[in-house]
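[1] Give me coordinates for this.
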Amino acid sequence: DVFLSFFDHDKKRLHYKLEMYKKNKNILSATTEVLSLYMDLNIRKVTEFENEKEMIMDQFIEENKAKFKFDNLQFINKLKK
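    Numbers count the residues shown, from 1 in each chain. Next up is the predicted model:
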């Protein structure tokens, strides 16, 4: 089974973590942490989310944040090279 264990966003990025558990044994088998950029494919550039999409994401976070595992996951302003 695969579960979304963390989800957050800012104006242009999605940040989420997935966990895979062995069915019926509740043993953690794998994790993946993903940072995605929101692209406007018409101009092929990173762009900000539309307000309605932000509201949907914020509502999802509010409804599910008690289930999230934060594990010190957070956005940083600039990624290190």
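[2] For F49, see how far away M55 is.
    Plainly put, M55 is 10 Å away from F49 if you go by C-beta to C-beta, to the nearest Å. For every residue, glycine as well, the C-beta is placed using N, CA and C.
[3] For those two, indicate the residue with more neighbours.
    When M55 and F49 are compared for neighbours, F49 comes out ahead with 17 against 11, by other C-beta atoms under 10 Å.
[4] Tell me how far the closest residue in space to that one that isn't next to it in sequence lies from E48.
    Once flanking residues are discounted, F49 sits nearest to Y38: 5.6 Å by C-beta to C-beta, 6 or more residues apart in numbering. Y38 sits 7 Å away from E48, going by C-beta to C-beta.
[5] These two - which one has more neighbours?
    Y38 (16 against 12).
[6] From what I see, that one and K45 are in contact.
    No: with contact defined as C-beta atoms under 8 Å, Y38 does not reach K45; the gap is 10.1 Å.
[7] In a strand, L73, correct?
    No: counting by DSSP: H, G, I helix; E, B strand; the rest coil, L73 is not found in a strand; it is coil.
[8] what's the neighbour count on H9?
    19.
[9] Do a quick rundown of the strands in this structure.
    Remark: strands assigned in the chain by DSSP state E are 2-9, 13-22, 27-37, 39-40, 45-46.
[10] Using CSV, please lay out those strands together with mean pLDDT.
    Output for the strands of the chain, formatted as CSV (pLDDT from 0 to 100):
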stretch, mean pLDDT
strand 2-9, 92
strand 13-22, 93
strand 27-37, 93
strand 39-40, 94
strand 45-46, 94
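[11] so which of these comes closest to F70?
    strand 2-9 (6.6 Å; C-beta to C-beta).
[12] For that closest one, name the packing helices and strands.
    The helices and strands touching strand 2-9, judged by 3 or more C-beta pairs under 8 Å, 6 or more residues apart in numbering; DSSP states H and E, are strand 13-22, helix 51-64.
[13] about what we covered before: name the residues contacting each of Y38 and E48.
    Shared contacts of Y38 and E48, defined by C-beta atoms under 8 Å, 6 or more residues apart in numbering, are found at K12.
[14] No further queries at this time; thank you.
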